[in-house]
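> Please find the sequence and the predicted model below.
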Amino acid sequence: MNEVGLANSTLGFTKQQNRLRGVVMATENYERQIQNEIKRVPPEYLPTLFTIVHAFREGLELKSAEESFEQGWKEAMEGETHSIDTLWDDIEK
């Protein structure tokens with residue numbers, strides 16, 4: 001590799017390193033901001049805040065549409081179904 005190729009290769013690596021550093025710095029900044037906000041929440045609301053954060057994180061881990069369909073199809077084929085009459089029972093309470 002000639003000097004120009006080496007310089008360009010090194011420059012590309014440096015840009016990538018800087019991008020990664022930026023992500024780490026941004027992440028640390030967000031973590032610090034979140035921690036500061038949590039400190040300002042009255043203690044009696046912490047269980048609710050925990051529920052919100054936990055539900056948000058779980059939502060990020062949703063299965064793909066294909067995986068979800070396959071799971072639903074499998075359950076339907078195995079008879080794991082519920083009557084439409086009971087669909088809203090837990091929600092209406």
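Sure thing, it's come through. Numbers count the residues shown, from 1 in each chain.

> Downstream of the helix or strand containing residue 17, the next helix or strand is which one?
Using DSSP states H and E, residue 17 sits in helix 3-39. Using DSSP H and E, the helix or strand that follows helix 3-39 in sequence is helix 46-60.

> got a list of contacts for the helix or strand following that following helix?
Moving toward the C-terminus from helix 46-60, the first helix or strand encountered (DSSP H and E) is helix 65-77. Contact with helix 65-77 is made by 62-63, 81, as judged by C-beta atoms under 8 Å, 6 or more residues apart in numbering. Using the backbone N, CA and C atoms, a C-beta is placed for each residue, glycine as well.

> which regions of the chain sit below the pLDDT cut-off?
Scanning the chain for pLDDT under 70 picks out the ranges 1-13, 18, 20, 22-24, 92-93.

> Nearest residue to the middle of it?
Nearest residue to the geometric centre of the chain (C-alpha atoms, centre = their mean): residue 60, 3.3 Å.

> show me the contacts for it.
Counting by C-beta under 8 Å, 6+ apart, residue 60 touches no other residue.

> State the number of residues packed around residue 17.
Residue 17 has 10 neighbouring residues, counting by other C-beta atoms under 10 Å.

> how close does it sit to residue 63?
Going from residue 17 to residue 63 by C-beta to C-beta, to the nearest Å gives 34 Å.
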